[in-house]
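Peer 1: Kindly generate the corresponding structure for this input.
(chains A and B)
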Amino acid sequence: MSCFDTIQNYAFRSLGYGERMLPRTDFTLCEHFTLIGSGMIWNVYYGLLAIVTGFFFANLLAVAKNSNSLWARKPAEWFIFLFRGSPLFIQFFFGYFLFLSLKGVSPIFNPLSSAALGALIVLFLNTSAYSAEIFYGALRSIPKGDVEAADAYSITGWFRFRRIMFPTMMRLAWPAYTNEAIFLFHATTLVFFSGFPAWRQQGDALYYANYFADKTYNPFVPYPILAMYFILLTLVIIWIFGLVNKRLNKHLPQASVKKLRVRPNLIR
Amino acid sequence: MAFYASFGTVLLLLATTAPTALLFGLGGAMAARGRFFLVRWFGKGYIAIVRGVPDIAFFLFFVIALDQAIEWMRHKVKCPEWTDPVRQGSEFLVCDMAKMPLSSSPQWVHEIYGFWLAVFTFAIVFGAFAANVLYGAMQAVPRPQLETAEAYGMSPRQTFWRILMPQMWIYALPGLSNLWMVLIKATPLLFLLGVEDIVYWARDLGSSKTARFTAYPHGDWRMWYFLALLIFYLLFTRVSEIVLARVTKRLSHGQATLDGESQRKAGSAA
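Peer 2: Model prediction:
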């Protein structure tokens, strides 16, 4: 079987299209690349959706945590502590078994125990908590002159937040938020190792890499391929976030703009 | 009983990994600062690669890779007359004498060996993160401190050990405490390495291994088990936060930082 056939058969295997059976013997390099790459579709799916939805919730949480009202602040603080203080791995397990129990209550909850939705919800909550902490820190370090100037022009309330505070908050938070995004993508590899079943062997990149390593008992081929895919993905994320960073800093004298420094030093 | 011991396993792993990883980190940071370019590249490459790839992939990779590397080296030494290739299709074959641990050794030797593989894997991964933190901390020590040391005629080695080393910890502490939190939260990954930790038990106890998790007629107790684990980790994190805050305060004493300065002022006022 030529490499082209392999790509036809397995390129969308992780979504359930193409060949039903995974290769069992005589693994070629092409099969490694195609299947692991096919699994990356799931990593991108989880990461992208969780980042986009989590962004909005994180903003809400950050504002709530900064609020003077006890009723808004306390729940936000507890939410952030809960999700930042416990391992994502345990959150996945707990979420999965919680969804399973809900299934017994009513069939409405059935889709929740599938990996595609349930894991996405856990990731969404998790990244919201981490991003909210970043945004909260940025919100606290908005130069007070900005807000005072807004007050002087009698710009208040929602308008002040949207036009004055929010852009500065984003600008300050962006480098840290880039790291958060990178780590979220790394965290998506945990999904299929944490209870969520890979239905019909439709898993993510690590799932297939692990499959190959188990079958060939040779970790030196699949894992470096996985690493290569992830480094590529990381570069793409840095590029996209760099574009946004450029736009956020457009009004500043360009010499003083700090280059986006990527120092991912968190794991969940 | 073995179930409660698994909590001990997690604590023991933390207690052994933290110093080992710190040692790896120190080595990595020193290599990254090295004057010889190969050493410097090695240090920087180590930091960059480990941090660029999902940690779970490293855990899965290193356990097999280390195991095979050790067996392969023993194989080369102990059975030089063996001519067959080590990899045959999907098999990894070494002679019986090179098996690690020996297939005849008792169960507890296997467990200890597995545990040490886990510690080593954790140390490699977290060593890279620690190296990054320590590298930054070494850069953060005020330049005049080092210049003063040079002015007193200290050699680079003396400057490093007597001036840089004692002062950098206060700069490294925020990063290291963050790392400690991360390390706590990485321990559930232990079960992937085949060590019987708390998650392992949750998956295995009371459920058939290949349960397809489709329909349960009644509430599933494992949900509550994981809730308990969640609380265990939250408490652990909280206690660590409090302890680390104290350590930070203690270490700031007499340092040329804002915190140290405010402590000095408070002390002289009293």
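Peer 1: Just the buried residues of the helix or strand containing residue A:239, please?
Peer 2: Residue A:239 is part of helix A:222-248, with elements assigned from DSSP states H and E. Of the residues in helix A:222-248, A:222-223, A:225-227, A:229-230, A:233-234, A:237-238, A:241, A:245, A:248 count as buried by neighbour count, 16 or more other C-beta atoms under 10 Å in any protein chain shown. Heads up, the C-betas are built off the backbone N, CA and C, glycines and all.
Peer 1: Against chain B, which of the residues you listed make the cut? List them.
Peer 2: Restricting the buried residues of helix A:222-248 to those touching chain B (C-beta under 8 Å from any C-beta of the partner chain) yields A:223, A:226-227, A:230, A:234.
Peer 1: Which one of the residues you listed is nearest to residue A:187?
Peer 2: Residue A:187 lies nearest to residue A:230 out of these, by C-beta to C-beta, at 11.6 Å.
Peer 1: That closest one touches residue A:186, doesn't it?
Peer 2: Yes. Between residue A:230 and residue A:186 there is a contact under C-beta atoms under 8 Å: 7.0 Å.
Peer 1: Could you list the low-pLDDT ranges of the chain?
Peer 2: Let's take chain A. Within chain A, the stretches with pLDDT under 70 are A:1, A:254-268.
Peer 1: Switch to chain B, please.
Peer 2: Ranges of chain B meeting pLDDT under 70: B:1-4, B:81-105, B:191-222, B:256-258, B:268-270.
Peer 1: would you list every one of the strands in it?
Peer 2: Secondary structure of chain B (DSSP state E): strands at B:87-88, B:91-92.
Peer 1: all helices of chain A, in order?
Peer 2: Taking DSSP state H as the criterion, chain A contains helices spanning A:3-10, A:29-66, A:70-85, A:88-105, A:120-140, A:144-152, A:157-160, A:166-187, A:205-216, A:222-248.
Peer 1: and the angle from the second one to helix A:70-85?
Peer 2: Angle between the axes of helix A:29-66 and helix A:70-85 is 150 degrees (criterion: axes from the mean of the first three to the mean of the last three C-alpha atoms, to 10 degrees).
Peer 1: buried stuff in helix A:29-66?
Peer 2: Judged by neighbour count using 16+ other C-beta under 10 Å, the buried positions of helix A:29-66 are A:30-43, A:45-47, A:50-51, A:53-55, A:57-59, A:61-66.
Peer 1: Next: stretch A:63-78.
Peer 2: A:63-66, A:72, A:76.
Peer 1: Out of the residues you listed, which is nearest to residue B:161?
Peer 2: residue A:65 (43.7 Å).
Peer 1: Next up, the contacts around the nearest residue to that closest one once chain neighbours are set aside.
Peer 2: Among residues not flanking residue A:65 along the chain, residue A:76 sits closest, at 4.1 Å (C-beta to C-beta, 6 or more residues apart in numbering or on different chains). With contact set as C-beta atoms under 8 Å, 6 or more residues apart in numbering or on different chains, residue A:76 has these partners: A:61-62, A:64-65, A:67, A:132.
Peer 1: do the same with residue A:31
Peer 2: Taking C-beta under 8 Å, 6+ apart, we find residue A:31 in contact with A:6, A:10, A:23.
Peer 1: same question, residue A:87
Peer 2: A:268, B:184-188, B:233.
Peer 1: Pull up the gap between it and residue B:176, please.
Peer 2: As for residue A:87, its distance to residue B:176 is 19 Å (criterion: C-beta to C-beta, to the nearest Å).
Peer 1: Residue A:174 is in contact with residue A:243, isn't it?
Peer 2: No. Applying C-beta under 8 Å, one finds residue A:174 not in contact with residue A:243, separated by 11.1 Å.
Peer 1: need the helices for the stretch 101-250 of chain B, in chain order.
Peer 2: With helices called from DSSP state H, counting those that start in this stretch, the stretch 101-250 of chain B shows them at B:107-140, B:143-151, B:156-158, B:165-186, B:198-204, B:222-252.
Peer 1: Specify the stretch among the ones you listed that is closest to residue A:193.
Peer 2: Comparing these against residue A:193 with C-beta to C-beta, the closest turns out to be helix B:198-204 (10.1 Å).
Peer 1: hang on, isn't residue A:3 packed against residue A:32?
Peer 2: No. Contact between residue A:3 and residue A:32 fails when scored by C-beta under 8 Å: they sit 11.1 Å apart.
Peer 1: quick one, what contacts the residue nearest to residue A:80 when sequence neighbours are not counted?
Peer 2: Of all residues not flanking residue A:80 in the chain, residue A:129 sits nearest, at 4.8 Å (C-beta to C-beta, 6+ apart). Counting by C-beta under 8 Å, 6+ apart, residue A:129 makes contact with A:58, A:61, A:79-80, A:82-84.
Peer 1: Just name the closest of those to chain B, please.
Peer 2: residue A:82 (6.9 Å; C-beta to the nearest C-beta).
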